[in-house]
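S.K.: Have a look at this fold, sequence not included:
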């Protein structure tokens, strides 16, 4: 909602820039998509490494902190 209000203000102040932003937004989103996927992959990898490293402690009976 805030981005819509910001875009409407930009439309009133400088309509060519607002139209350019409207056209370029899907292209920027498509370019950033692989970087998001890499971020999700690294997050999953670090969660797996944490689970593997803390497995001996969990097996020995230490409870994880919530």
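M.R.: That came through, no problem. This one's a predicted model, so the numbers in the text were calculated from it and none came from an experiment. Residues are numbered from 1 along each chain as shown.

S.K.: Show me the shaky parts of this structure.
M.R.: Along the chain, segments meeting pLDDT under 70 span 64, 66.

S.K.: center of it - which residue?
M.R.: With distances taken as C-alpha atoms, centre = their mean, the residue of the chain nearest its centroid is residue 36 (5.7 Å).

S.K.: Report all helices and strands that the longest helix along the chain contacts.
M.R.: In the chain, assigned by DSSP state H, the helix with the most residues is helix 15-53. Where contact means 3 or more C-beta pairs under 8 Å, 6 or more residues apart in numbering; DSSP states H and E, helix 15-53 is packed against helix 2-13. Every C-beta, even on glycine, is put in place using the N, C-alpha and C of the backbone.

S.K.: give me phi/psi at the residue lying farthest from the centre of the chain?
M.R.: In the chain, residue 60 marks the outermost C-alpha relative to the chain mean, sitting 36.0 Å out by C-alpha atoms, centre = their mean. Dihedral pair for residue 60: phi -80, psi -10, per degrees, to the nearest 10.

S.K.: in which helix or strand would I find residue 65?
M.R.: For residue 65, there is no helix or strand it lies in under DSSP states H and E.

S.K.: Burial check on it, number of neighbours?
M.R.: 4 (other C-beta atoms under 10 Å).

S.K.: quick one: it and residue 57, what's the gap?
M.R.: 11 Å (C-beta to C-beta, to the nearest Å).

S.K.: Please apply the same query to residue 38.
M.R.: Using C-beta to C-beta, one gets 30 Å for the distance from residue 38 to residue 57.

S.K.: How about residue 50?
M.R.: Distance, residue 50 to residue 57, using C-beta to C-beta: 11 Å.

S.K.: what's the answer for residue 63, then?
M.R.: Residue 63 is 9 Å from residue 57, by C-beta to C-beta.
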